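Test case, fold it:
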Amino acid sequence: MKQGILYGVGVGPGDAELMTVKACRILRESDVVMAPQADGGGQTALAIAADCIGDKPVICCAMPMTHDKAARDAAHDSAADTVCALLDEGKTVAFITLGDPTVYSTYWYVHRRVAARGYRTELVPGVPSFCAAAARAGRALCMDGEMLHIIPAAHGAAEAGLALEGDKVLMKAGRSAPAVRDALAARGEMQNAVLVERCGMEGERIVTDLRELDGPAGYFSVILVREDKA
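Numbering: from 1, shown residues only. Predicted coordinates:
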């Protein structure tokens, strides 16, 4: 029996209309769709792609949001085992992920495990959250010869990242939002920043004055900081 192929499909940041034509085609043509499931049972990617998936089989994989590497590895191994079993049956599997599968994506850990076992794999890019956030905020991410830095704010890199020359994107900035606000204030750069929360989803919020933040923002939050050229 011919082995199947695994597609890692980026479904974009939240607005279903931002899904690519290829992403929708792959989902419609696949035999099985797999999706990550957060600790609380959340299935955001699945909700975004629902119209393209239709009534085909969906398998949800637990992906714990934890700093426990052993727990994460166990979840990724389990998901890879499930994928490989389906591929051995000749199934085409589409594993969906928020945003783009190459940018801070949990899916990537599953993808590389499956690829390392010799199976056919392909990545289908999606619109990254920071591109959508910049569009919603009506601002450019970078211009001319400016550098653009993508910084994982949730991993304690925000303060060091803000010291870099160029424009910055702080990903997963929800819990770190107050600390980022204070660091920007100390640098005299708060006026250069905007926070976009739940971009393209219900409850979207755009904060152009970070002084309005009275606590952590939601998990799906991005902070954009323009370079101060004054």
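
quick one: contacts of stretch 123-131?
The contact list for stretch 123-131 (CB atoms under 8 Å, 6 or more residues apart in numbering) reads 7-14, 18-20, 22-23, 26, 97-103, 111, 141, 150, 169, 171, 199, 220, 222, 224. All C-beta spots, glycine's among them, are computed from the backbone N, C-alpha and C.

what helix or strand is the spatially closest residue to residue 216 that is not a sequence neighbour on?
Leaving aside its chain neighbours, residue 216 sits nearest to residue 175 (4.7 Å; criterion: CB to CB, 6 or more residues apart in numbering). In this structure, residue 175 sits in neither a helix nor a strand according to DSSP states H and E.

Let me know the pLDDT of residue 175.
According to the prediction, residue 175 has pLDDT 88.

dump the residue contacts of it.
Counting by CB under 8 Å, 6+ apart, residue 175 makes contact with 154, 216-217.

So which elements touch the worst-scoring helix or strand of the chain on mean pLDDT?
Each helix and strand of the chain was given a mean pLDDT (mean pLDDT, DSSP states H and E); the minimum falls on helix 158-162 at a mean of 84. Here helix 158-162 touches strand 148-152, strand 167-171, helix 177-187, going by 3 or more CB pairs under 8 Å, 6 or more residues apart in numbering; DSSP states H and E.

Out of these, which is closest to residue 59?
Residue 59 lies closest, by CB to CB, to one member of the helices and strands packed on helix 158-162: strand 167-171, at 27.0 Å.

hang on, the earlier thing: could you single out the most deeply buried of the helices and strands packed on helix 158-162?
Comparing the helices and strands packed on helix 158-162 on average neighbours per residue, with mean count of other CB atoms under 10 Å, the densest one is strand 167-171 at a mean of 25.

what's next to that strand, contact-wise?
Strand 167-171 has contacts (CB under 8 Å, 6+ apart) with 103-104, 129-130, 141-142, 146-154, 158, 161-162, 176, 180, 222-227.

thinking again about what came up before, can you give the contact residues for the least confident helix or strand of the chain?
149, 151, 153, 168, 170, 173, 176, 179-180, 183-184, 187, 189, 225.

what's the farthest-apart pair in those residues?
Taking CB to CB as the measure, the contacts of helix 158-162 span a maximum distance of 17.2 Å, between 149 and 179.

what ranges do the helices span in this protein?
Per DSSP state H, the chain carries helices over the ranges 21-29, 44-48, 50-53, 69-88, 107-116, 129-137, 158-162, 177-187.

Which pLDDT value does the model give residue 39?
What the model reports for residue 39 is a pLDDT of 60.

same deal with the one 5 residues further on?
According to the per-residue confidence, residue 44 scores 90 in pLDDT.

one step back: can you redo the contacts of residue 175 as CSV with pLDDT and neighbour count?
Conversion of the contacts of residue 175 to CSV gives the following (pLDDT from 0 to 100; neighbours: other CB atoms under 10 Å):
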residue, pLDDT, neighbour count
154, 74, 18
216, 90, 14
217, 92, 24
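
Of those residues, which belong to strands?
Using DSSP state E, no member of the contacts of residue 175 sits in strands.

Which one of these is nearest to residue 76?
With CB to CB as the yardstick, the closest approach to residue 76 among the contacts of residue 175 comes from residue 154, at 18.4 Å.
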